[in-house]
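# Coordinates only, no sequence provided:
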């Protein structure tokens, strides 16, 4: 029983990353009608925001400490981060320790800017061109972004640990009398993704801006005829979608050290998630993200793997292929959208 | 000639001349000069030029003619490679049965995937092929380890049960791939003064095959079948409304291009008998997309140019490191030299992918016809200039 609960937890966790990326993807498709192959790169840029913030916090100056010597008898050079000298060692140390959560503050504006620049600079020229061209140009862009990151940060994964307080493990099952030991950060990631998803939905549901955007998704022309500049709002939505991908990336860094090709690794999976959920459907993306995450972690159980060897590697694709063939609009896609 | 019009004959002859004289064309610089690093006329690279040229020609039959953007073609390349290596392991070191088997296997595989994928069009087709390719990669990487040898990749070993031929040669090494005794790796080197030209058996075999399949693709482009595919590209709905079932045509195109990919995979394995799962990864499929678009999708010669271009840059550009750059700019004053090196360095050497990406984006945005269209624009511009801007320009549009 607790093994099954553990797998569900694992799945929810994987699913949070899928759901967040797929949410952004489907938001872009639903509003602008663009298939964004560079979305994985946005996820990766978000992760590298965390790396950058961590590095900035760790910029230090060197002092020679005469009271300590190394084994050769020379005075020891001590590195003190500027942050520690500004806020005192206690506070400064804590700030450095909390680099990843703090990076969220920096990531949101950066990602909104990146998304905005991307849409205005490149993608807006591709609304009228076929989907194949959109795929091609965003694929090219993804390569460029990936290489830029590789140039500045190198090809090796960079460790970005979670804060000390959140890096241990917790026994989640204690309340219900079971033994489910789970890393704290993964729990945090799950709840964080719930917050972000909830935030996006309430933004679209309860603000005027969101209402107009939803109206534009349903019927762009009519909204335009009402005298509303829908394109501008869609551009902002692109920025927000980029920010969602970025946030997913920042919080993901303690789980897996970021490297320059993590975006491409996630891209295919998140496309599969979007397709299963239904192109352009936000609840579909979230549902499919969690569902596929859980499916994948169940498939990786030893009992199931011994039954069907290798099923954990291909289960997601099999599901996607079946869905595409029997219900091309996806689980929650609107009727008639991309059903050819 | 051979059932082609004059222009196509000219193009075929041009490609024939380019491939047959490649050892000369690609080796323009004397061996000991500083520019020798730009020589691409060594067998390994020349083989890659033509093999990936074949791959791209095949991809172009699907994408250039029907407009179906497949992101999973590397899977067929991988299947071709694996089948060829298995043929070497089990039957003989002769490359002919290996290549035949790889074409057949890739064709069957493409029939299977195409039958399912072609039920959808547009982005759904792209994502379906992407999913299939990634699935095949995962299957090859882990599930089918007894057949594919997992992450190590499939290789020849000393105790392969070769039915026709020996498991190991007299001196205890693995026999090499050959064509009725002509070893694929045998290279004749011609030294002409400071130049050294290399003629490799494997390269010439691949080049001849390239010519054959290039001719085939010309015939496909000009045939009623090709015309039908172009019609599918320009308006499939209208085709369906006229009562015509387009599925068999697109499926045929898909299978043919899959067989081209399998042929390329088989040739790769024939030149160097190993096969690995990384050949099937979706980024490898992206590479052939890059080649075709860069060269010019829908044009005949574009994919070959694109493949050559990318492979040349991958192998030559990536060798330029910081010290080479310093060598180039050493005539300049120190500060300027360092500045130029810092400016150029991110785009060459290990960073050549960035150049490729930027180039690709630029081509998609400004030159949808790729290098071929670029070349046409330049020649037209020159012609116009000569004639004082009076002659009407003529462009052969890539297939719509």
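That came through fine. Note that the structure is predicted; figures quoted are calculated from it, not measured.
# For the single nearest residue of the stretch 101-250 of chain B relative to chain A, which non-adjacent residue is spatially closest?
Across the stretch 101-250 of chain B, the shortest distance to chain A (C-beta to the nearest C-beta) belongs to residue B:143, at 3.0 Å. In short, each C-beta sits where N, CA and C put it, glycine included. Among residues not flanking residue B:143 along the chain, residue A:310 sits closest, at 3.0 Å (C-beta to C-beta, 6 or more residues apart in numbering or on different chains).
# What about the one you found, how many residues nearby?
For residue A:310, the neighbour count with other C-beta atoms under 10 Å in any protein chain shown is 16.
# Tell me who's in contact with it.
B:138, B:139, B:142, B:143, B:144 (C-beta atoms under 8 Å, 6 or more residues apart in numbering or on different chains).
# Need the pLDDT of it.
According to the prediction, residue A:310 has pLDDT 76.
# got it, and residue B:143?
Here the pLDDT value assigned to residue B:143 is 81.
# same check, this time on residue A:339
As predicted, residue A:339 sits at a pLDDT of 51.
# Please apply the same query to residue B:115.
Note on residue B:115: pLDDT of 92.
# Wait, it touches residue B:248, no?
No: here residue B:115 does not reach residue B:248: they are 10.7 Å apart, not a contact under C-beta atoms under 8 Å.
# Enumerate the residues of the stretch 51-200 of chain B near chain A.
Residues of the stretch 51-200 of chain B lying close to chain A by C-beta under 8 Å from any C-beta of the partner chain are B:67, B:69, B:71, B:116, B:119-124, B:126-128, B:130-132, B:134-135, B:138-139, B:141-144.
# Now, of these, which are buried?
B:67, B:69, B:71, B:120-124, B:126-128, B:130-132, B:134-135, B:138-139, B:141-144 (16 or more other C-beta atoms under 10 Å in any protein chain shown).
# Turn the contacts of residue A:310 into a markdown table, including secondary structure.
Conversion of the contacts of residue A:310 to a markdown table gives the following (DSSP: H, G, I helix; E, B strand; the rest coil):
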| residue | secondary structure |
| --- | --- |
| B:138 | helix |
| B:139 | helix |
| B:142 | helix |
| B:143 | helix |
| B:144 | coil |
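# Need those in TSV (columns: distance to residue B:59).
Output for the contacts of residue A:310, formatted as TSV (distance: C-beta to C-beta, whole Å):
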residue	distance to residue B:59
B:138	22
B:139	22
B:142	27
B:143	26
B:144	25
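# Reduced to three states, what does residue 197 come out as?
Looking at chain A here, since you left the chain open. Residue A:197 is classified as helix under three-state DSSP.
# wait, I meant chain B there
strand.
# By mean pLDDT, which helix or strand of chain B comes out lowest?
helix B:322-328 (a mean of 74; mean pLDDT, DSSP states H and E).
# Can you give the contact residues for that helix?
Here helix B:322-328 has contacts from B:34, B:37, B:337, B:340, B:341, B:344, B:345, B:348, B:349, using C-beta under 8 Å, 6+ apart.
# what about the longest helix along chain A and chain B, touching?
When chain A is parsed with DSSP state H, its longest helix is helix A:2-32. No: residues of helix A:2-32 contacting chain B under C-beta under 8 Å from any C-beta: none, with a closest distance of 8.8 Å.
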